[in-house]
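>>> Give the three-dimensional model of this entry:
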Amino acid sequence: MEPHHDKEKGAILRFMGTEYSNADLDLDTLVTKIGVSRTKINDILKAELGFTFSTYLNKLRLTEAARLLSDKEDANVAEIAYSVGYKNVSYFNKLFKEEYGCTPKIFKHLYDK
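Residues are numbered from 1 along each chain as shown. As a prediction, the model looks like this:
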């Protein structure tokens, strides 16, 4: 039974790790692509990482956004928001500030120095 659980966990994490930048990625897409129920996906993510699907997806996206903001001198906040899977820049700014304690623009400014 455990190897099957590990296989499902691996499939979930691999798919989310490669598809997080797809703005249309949602739990139903994941269910369809890997054939695991919504409840089981959230149970696995909660048990393994302590996050629901949505929370983990946002963590992946925000981590990549922070990396891009700190690595790219000419980084544009809106372009980065779109490139990591957000359709709405205001929502991205709100989540980024909740995660990192400052706006993406301030975060970038701190890394540019």
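
>>> For residue 21, which three-state class applies?
The local conformation at residue 21, judged by DSSP: H, G, I helix; E, B strand; the rest coil, is coil.

>>> Let me see the contact set for it.
61, 64, 83, 84, 85 (C-beta atoms under 8 Å, 6 or more residues apart in numbering). Placement of C-beta: from N, CA and C, glycine included.

>>> now the residues you listed: which count as buried?
The neighbour count (16 or more other C-beta atoms under 10 Å) marks 61, 64, 83, 84, 85 as buried among those.

>>> before we move on, the earlier item: from the contacts of residue 21, which is closest to residue 70?
residue 64 (11.0 Å; C-beta to C-beta).

>>> List phi and psi for the closest one.
phi -70, psi -40 (degrees, to the nearest 10).

>>> Surely it and residue 20 touch.
Yes - Residue 64 lies in contact with residue 20 (C-beta atoms under 8 Å); the separation is 7.1 Å.

>>> between these two, what contacts are shared?
Counting by C-beta under 8 Å, 6+ apart, the residues touching both residue 64 and residue 20 are residue 84.

>>> I'd like the buried ones among the contacts of residue 21 as CSV, with secondary structure appended.
As requested, the buried ones among the contacts of residue 21 are exported to CSV (three-state DSSP):
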residue, secondary structure
61, helix
64, helix
83, helix
84, coil
85, coil
